[in-house]
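Asks: test case, fold it:
(3 chains)
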Amino acid sequence: MAHKILIVDDEPNIVISLEFLMKKEGFEVAVANDGEEALAKVAAFNPDLLLLDVMMPKKSGFEVCEALRADPSRAGLLILMLTAKGRDTEVAKGLAIGADAYVTKPFSTKELVAKVKDMLGVA
Amino acid sequence: MLAGWFVALLSAAYLALLFAVARFGDARADGGRSIISANVYALSLAVYCTSWTFFGSVGRATSGGLSFLTIYLGPTLMLLCVTVIVKMIRISKAYRITSIADFIASRYGKSQLLAGMVTVIAVIGVVPYIALQLKAVAASLDVLFEQSGHAVFFWGLDSTFLIALVLALFTILFGTRHLDATERHEGMVAAVAFESVVKLVAFMAVGLFVTYGMFGGLSDLFGKAMASPELGRLLQHDQARAGTWTSLIVLSGLAIILLPRQFQIIVVENVDESHLKRAVWMFPLYLLLINIFVLPLAIGGLLHFSGQGVNPDTFVLTLPLARGAEALALLAFIGGLSAATGMVIVETIALSTMVCNDLAMPLLLRSRWLQAARRQDLSGLLIGIRRAAIVLILLLGYIYFRAAGEAYALVGIGLISFSAVAQFAPVLFGGMYWKQATHAGATAGLLAGFAVWLYTLLLPSFAKSGWIGSGFVEQGLFGIEWLRAQALFGLSGMDEISHCLWWSMLANIACYVVVSLNSTPDAMEASQAERFVDILRHGRRDADARLWRGKTSLGAVVELLERFLGANRAHQQLAIYAAGRGYADWQTLPADAEFVHFAETELAGAIGSASARVMVSSVVQEEDLGLEEVLDILDEATQVRAYSRELEAKQRELEAATAELRAANERLRELDRMKDDFISTVTHELRTPLTSIRALSEMLHEDPRTELTDRKRFLGIIVNEAERLTRLINQILDMAKLESGRAEWTTGDVDIGEVVRESMDSLGQLFREKGVLLAGDFPEHGPVVQADRDRLMQVMINLLSNAVKFVPGDGGRVRVDVGCQGGLVRVVVSDNGPGLTAEECSVIFEKFRQGGNTLTDKPKGTGLGLPISRQIVEYFGGNLWAESRPGEGACFIFTVPLPAPEK
Amino acid sequence: MKRASPTRQRLAALGLLGIPLLTYPLIALPEGTLLGIPASYVYLFGVWAGLIALAALVAERKGK
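Replies: Numbers count the residues shown, from 1 in each chain, chains lettered A, B, ... in the order given. Below you'll find the predicted structure:
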């Protein structure tokens, strides 16, 4: 059974590229455009991994991450945060509140795919 | 019927009661539980209210109307100068001042001459005042006995002499009971406070009786008075007496401090500075209460005894007697006796101290007899001298009474005394605040003022009673017209008191100031001046000790103390002092400068500062400090103070500078943070399009088999994002240029109408594509402003493209209006889009903050258009802002100023 | 130089205020009668009592 990935970003073009990339690798993909939608989609779609942008309207990626980590039933959910803000403090903050990995934009598609597979334990 | 023996018995009983109160007060003081509270202190000040107040005020009111009040308004105002009085108390406590003579002499270099002069002036000046008390008691006795049909002669002596004798005895028992001369007289103060209550109660009782018992209340009395032209005059102020009114206020204001008994009570007997705070209102309240019924009594008396020739000074007694109220008359008599005894006791104690310390001691210290009896304990002698002085002063009062008393009403006599003690004012107050004032100046001022007083007031009072010839009053001295005693240099039209006050103060102050300025103080004067004027500063002790240099032995100084204080008292004080300096036994004390200073201060408390100085120098080999040296030491002290003040100021400056630095640093950090935020935001904005471009191109590059439709779609996105990136970079550069002031401007005449039309034309296609209606109302040409055409165009296009972005396609409307208003061109771009909240209206002008966060679609744009537009408009002196409410469309308005009209 | 305390300054100010109020020409202004009592009498005692009341208020105020 294919792993399920939820893509959360407010930039439509980035969503298009990520969606295409992940589908090509054989993952089942769903999309959310802001933080609130992301939380709703997590409940409905029940993904294994979240590609989560930080700067988003309504709820930032940090807030989404915190909310998910506060929910024990979602303990196994993997979270990979994406940010265009390259500061070290952002990275540290993301990891501190419970993200499993952190990738800065613009990313290398190969590296991103490798990281996602590694996290999911897919060879 | 009032029997003589009964009145005598009652008086004796009353005096015994007073004595008991005093004993009680002394006993409590000895036991360390002082009964002098703020209230007792305030009441004791009412020793100011003598027979003059009790009997004389009514008499005065029968002729002068309300003018009797000045004597009580002056002290009310004077007491409010608490700062001056506190300074006086501090000085007196620090240097063990015992009297006003001591105070003045001590200030001007501990001068025996000055102390003696002040004493002589005080005695001569106050004797009439004491005579006044004798006269009042005698008169009140006469009234009582005349009514009861007795003659008043005992062993061929008149009653006044007897009264003087009794009062002298009583005062001796009272004030010099202690062998110890340095203590305060707490018992006396308590008795005086008690007397104050008695006289107030007595006077109020008579006032109430007459006003409400004999007449129908205040309005009835005043109504009857106004019906008679003669009495009605009393109720009106006479503008012609304005000068007298003011002089009397000044005079009584000075007297409340300068009369020897007032100085004694206010300054010497003060146990706690904070008591003044009570006195400052309670004493004036006392004065007000005791004066309320004065005028009603005067009117009542004049109405009742109309044409019977009753002395108005006795109305307080005669009115109750006329109604047969003998008990009340007796109460009034006791009240009057209270007023008189209180005054006589305190005044003679104060004067006897002055006479003993400042007249007798200097003479004795020079006499050979005293040298021979060196080893003798002199404290007994001191008490003896004081007792003799008391008797002498009362005797003088009696003589004055016989000589001049009959010619004057009570108040007239009192005012002569007030004028005499007023002569102390310049040297006393001057000395407290003016360092340059010298001994020579003080002597000259006092002599001049006293001479004028003698010539214009005291001698004429003798002349009036026929004791000396009155030629100098009527024709002038040696027949010289302008030397007439009460119209000096032709100054007439004033009453005698104002005349005397004016000339004596002129002479006094002029001599004091001129001589002071033209004389050099010696070392002692200079150091005393410094100590008095700067008493409120800290750290005096240090300089006090350093101002003395010499050699002595402990034994010699101790012997001196034993002689004048008595052995017991001396050893007691020595033990206290030794303990204060940390020595277990006073016999091990070093005979250093500080010890000598202590001894001199102790001695000053017993024999006055001038005599103390002489005695101390007799047992000490002193090295004379020259004036130069003293001034150097004082200067040094002043310099140290100045230096420490400078240091304090420096420290404050440093602290302020540090605070400023901290604030600047904080601002810099804030700027740094903002810059950091800005860069981080810019980075984010640049990386976002880059992310799509990179991801999509990588995918295309790695997988050549991507379907054609996807390929086309991806390439389209890449092109768009690349455009966005370019736009963004351009705007960031533009913004940076504007902000740093490096932007290039080509300013010239710009026709706003043209700019608006061209921008609308250039965006016409965009509007049509989206189906948005673009309309405008503006003139073909004008108005013309000074600006950069391209930049204004940039603003216009930015506003229009914003508008088209937010209005709904099909049905959207955008409208442009141009108008002139108050020297400004006003361009309004309004749309029917979703509108903005008030918060958004301001937020959208911040960099990278776009409107429409609530929309699902992320708006296209960089978030820099509006901030750049605002910068441009502001550069030309205009404004750009948004007005909107959610759901009602938005209005973007900018203004540019019109050029000033040419002349 | 140590400055005079606020209380003392207020009292001194009160004294200064009292001088014009209790001398000519102000005291000659009130005319006629008030409840049968001459206005000049009421004025003098009234101002005097007012000064005393204010002084009491200032001097007895708690604190300092």
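Asks: okay, CA-based contacts and neighbour counts for the rest of this
Replies: Noted.
Asks: would you state the helices of chain C in chain order?
Replies: Ranges of helices in chain C, per DSSP state H, are C:6-21, C:39-59.
Asks: show me what from chain C comes close to chain B.
Replies: C:1-2, C:4, C:8-9, C:11-12, C:14-16, C:18-19, C:22-25, C:27-28, C:35-38, C:40-41, C:45, C:48-49, C:52-53, C:55-56, C:59-60 (Cα under 8 Å from any Cα of the partner chain).
Asks: re earlier: what's the least confident stretch among the helices of chain C?
Replies: Mean pLDDT is lowest for helix C:6-21 among those, at a mean of 87.
Asks: which parts of that helix are buried?
Replies: C:7-12, C:14-15, C:18, C:21 (16 or more other Cα atoms under 10 Å in any protein chain shown).
Asks: show me the contact partners of that helix.
Replies: B:77-78, B:80-83, C:26-27, C:47, C:51, C:54-55, C:58-59 (Cα atoms under 8 Å, 6 or more residues apart in numbering or on different chains).
Asks: one more time with 7 Å, if that's ok
Replies: B:77, B:80-83, C:27, C:55, C:58-59 (Cα atoms under 7 Å, 6 or more residues apart in numbering or on different chains).
Asks: farthest-apart pair in those, please.
Replies: B:T83 and C:I27 (27.8 Å; Cα to Cα).
Asks: one step back: most surrounded residue in the contacts of helix C:6-21?
Replies: B:L80 (29 neighbours; other Cα atoms under 10 Å in any protein chain shown).
Asks: what pLDDT does that one get?
Replies: 90.
Asks: that one contacts B:V280, correct?
Replies: Yes: judged on Cα atoms under 7 Å, B:L80 makes contact with B:V280 at a distance of 6.2 Å.
Asks: give me the neighbour count for C:L35.
Replies: So C:L35, with other Cα under 10 Å, has 9 neighbours.
Asks: what parts of the stretch 601-750 of chain B come near chain C?
Replies: By Cα under 7 Å from any Cα of the partner chain, no residue of the stretch 601-750 of chain B approaches chain C.
Asks: what does chain B give?
Replies: B:77, B:80-83, B:218-219, B:222-223, B:235-237, B:242, B:246, B:277, B:281, B:284-285, B:536-537.
Asks: any idea whether the residue nearest the centre of chain A is helix, strand or coil?
Replies: The residue lying closest to the centre of chain A (Cα atoms, centre = their mean) is A:L51, at 1.5 Å. A:L51 falls in the strand class when you classify it by DSSP: H, G, I helix; E, B strand; the rest coil.
Asks: got it, and B:G809?
Replies: Secondary structure of B:G809, per three-state DSSP, is coil.
Asks: any idea how far it lies from B:V772?
Replies: 6 Å (Cα to Cα, to the nearest Å).
Asks: strands along chain A, start to end?
Replies: Secondary structure of chain A (DSSP state E): strands located at A:4-8, A:28-32, A:49-53, A:78-83, A:101-104.
Asks: after the one helix or strand B:V719 maps to, next one along is what?
Replies: Using DSSP states H and E, B:V719 falls within helix B:708-740. Sequence order places strand B:748-751 as the next helix or strand after helix B:708-740, per DSSP H and E.
Asks: and that next one, C-alpha only, in CSV?
Replies: Output of strand B:748-751 as CSV, limited to C-alpha atoms (Å, rounded to 0.1, in the frame of the first residue of the first chain):
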residue,chain,number,x,y,z
GLY,B,748,9.2,69.5,-13.8
ASP,B,749,5.6,70.7,-14.6
VAL,B,750,3.3,67.7,-14.7
ASP,B,751,-0.2,67.9,-15.8
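Asks: what comes up buried for the helix or strand hosting B:F203?
Replies: Assessed by DSSP H and E, B:F203 sits inside helix B:186-208. Buried residues in helix B:186-208, defined by neighbour count with 16+ other Cα under 10 Å: B:186-208.
Asks: enumerate the residues of chain B near chain A.
Replies: Residues of chain B lying near chain A (Cα under 7 Å from any Cα): B:680, B:683-684, B:687-688, B:690-692, B:694-696, B:698, B:717, B:853.
Asks: B:R23 touches B:M188, doesn't it?
Replies: No: contact criterion Cα under 7 Å: B:R23 and B:M188 do not qualify, at 8.5 Å.
Asks: among the residues of chain B next to chain C, which lie within helices?
Replies: Per DSSP H, the residues of chain B next to chain C map to helices at B:77, B:82-83, B:218-219, B:222-223, B:242, B:246, B:277, B:281, B:284-285.
Asks: of those residues, the lowest pLDDT goes to which?
Replies: Among these, B:A242 has the weakest pLDDT, 81.
Asks: phi and psi next, for the closest residue to that residue other than its chain neighbours.
Replies: Ranked by Cα to Cα, 6 or more residues apart in numbering or on different chains and with sequence neighbours excluded, the top spatial neighbour of B:A242 is C:Y24, at 5.8 Å. Reported as degrees, to the nearest 10, the phi and psi values for C:Y24 are phi -70, psi 150.
Asks: my guess is C:Y24 contacts B:G243. True?
Replies: No: C:Y24 is not in contact with B:G243 according to Cα under 7 Å; the separation is 8.5 Å.
Asks: who has more neighbours, the two?
Replies: C:Y24 (18 against 15).
Asks: measure the more buried one to B:M88 for me?
Replies: 31 Å.
Asks: residue in chain B with the shortest distance to chain A?
Replies: When scored by Cα to the nearest Cα, chain B has B:T691 as its residue closest to chain A, at 4.0 Å.
Asks: packing partners of the helix or strand encompassing that residue?
Replies: Applying DSSP H and E as the criterion places B:T691 in helix B:627-702. Helix B:627-702 is packed against helix A:12-24, helix B:523-533, helix B:708-740, with contacts defined by 3 or more Cα pairs under 7 Å, 6 or more residues apart in numbering or on different chains; DSSP states H and E.
Asks: who's more crowded, B:G809 and B:V772?
Replies: The residue with more neighbours, out of B:G809 and B:V772, is B:V772; 20 against 17, by other Cα under 10 Å.
Asks: got a list of what the more buried one touches?
Replies: Per Cα under 7 Å, 6+ apart, neighbours of B:V772: B:809-813.
Asks: so B:A444 sits right up against B:A510, yeah?
Replies: No: between B:A444 and B:A510 there is no contact under Cα under 7 Å: 9.3 Å.
Asks: can you list the weak-confidence ranges in chain A?
Replies: A:1, A:86-87, A:123 (pLDDT under 70).
Asks: would you mind naming what in it lies close to chain C?
Replies: Close to chain C, as judged by Cα under 7 Å from any Cα, chain A has no residues.
Asks: give me the residue from chain A nearest chain B.
Replies: For chain A and chain B, the shortest gap (Cα to the nearest Cα) falls at A:P106, measuring 4.0 Å.
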